[in-house]
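Chemist: Give me a model of this one.
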Amino acid sequence: MAKSIMVTAEGYKKLEEELDYLKGEKRKEIAEKIKVARSYGDLSENSEYDDAKNEQAILEARIATIEATLKVAVIIDENASNETVHVGSVVRLDNVSTGREVTYRITGSNEANPREAKISDESPVGKGLLGHCVGDVVEIETPAGLMTFKVLEISK
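Modeler: Presented below is the predicted three-dimensional model:
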């Protein structure tokens, strides 16, 4: 059985919209490129045709990935309590190791984006924070070494 993937309602909607775009507009665009490239004649030496077919293969792989994700997606209950850290929580932390405050949103792995301070529930820090409460001090083994965090605030 496939492993479920945690996703926010917003993330689920974005995947559905991307899938609709790829299956509709993007497929038509690539089909037109293939049709035009075929009109150039000999396919054995036709780089435009090869490029269009490669683009089509990449598109179909992305469609398959999104469809597989949507089949096993579990939408996060965003009305869950803020008593403990869970997927969907926004957590303000004191990074005791560095003396700096950080804020992360715990997301499913497919929505994680460290540049936007969205970390996966499967990452060392995300996994280590799950289930903890405000005031808890948590030691987490990360690729950079052992880090200590104090949970300051949990919100949505």
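Chemist: Pull the contacting residues for residue 141.
Modeler: 124, 128 (C-beta atoms under 8 Å, 6 or more residues apart in numbering). Using the backbone N, CA and C atoms, a C-beta is placed for each residue, glycine as well.
Chemist: what about it, which SS state?
Modeler: What DSSP: H, G, I helix; E, B strand; the rest coil gives for residue 141 is strand.
Chemist: so how far is residue 121 from it?
Modeler: Residue 141 sits 16 Å away from residue 121, going by C-beta to C-beta, to the nearest Å.
Chemist: With residue 50 instead?
Modeler: 41 Å.
Chemist: which parts of the lengthiest strand in the chain are buried?
Modeler: Across the chain, the strand with the greatest residue count (assigned by DSSP state E) is strand 145-155. Neighbour counts over strand 145-155 (16 or more other C-beta atoms under 10 Å) mark 147, 149-151, 154 as buried.
Chemist: cool, stretch 92-101 as well?
Modeler: Buried, per 16+ other C-beta under 10 Å, within stretch 92-101: 93-94.
Chemist: Need the CA coordinates for that stretch. CSV is fine.
Modeler: Output of stretch 92-101 as CSV, limited to C-alpha atoms (Å, rounded to 0.1, in the frame of the first residue of the first chain):
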residue,chain,number,x,y,z
ARG,A,92,7.9,29.9,16.8
LEU,A,93,11.1,28.6,18.3
ASP,A,94,14.1,29.8,20.3
ASN,A,95,17.0,28.0,18.6
VAL,A,96,19.0,27.7,21.9
SER,A,97,22.0,26.4,19.9
THR,A,98,22.3,29.7,18.0
GLY,A,99,20.5,32.1,20.2
ARG,A,100,18.1,33.1,17.4
GLU,A,101,14.4,32.9,17.0
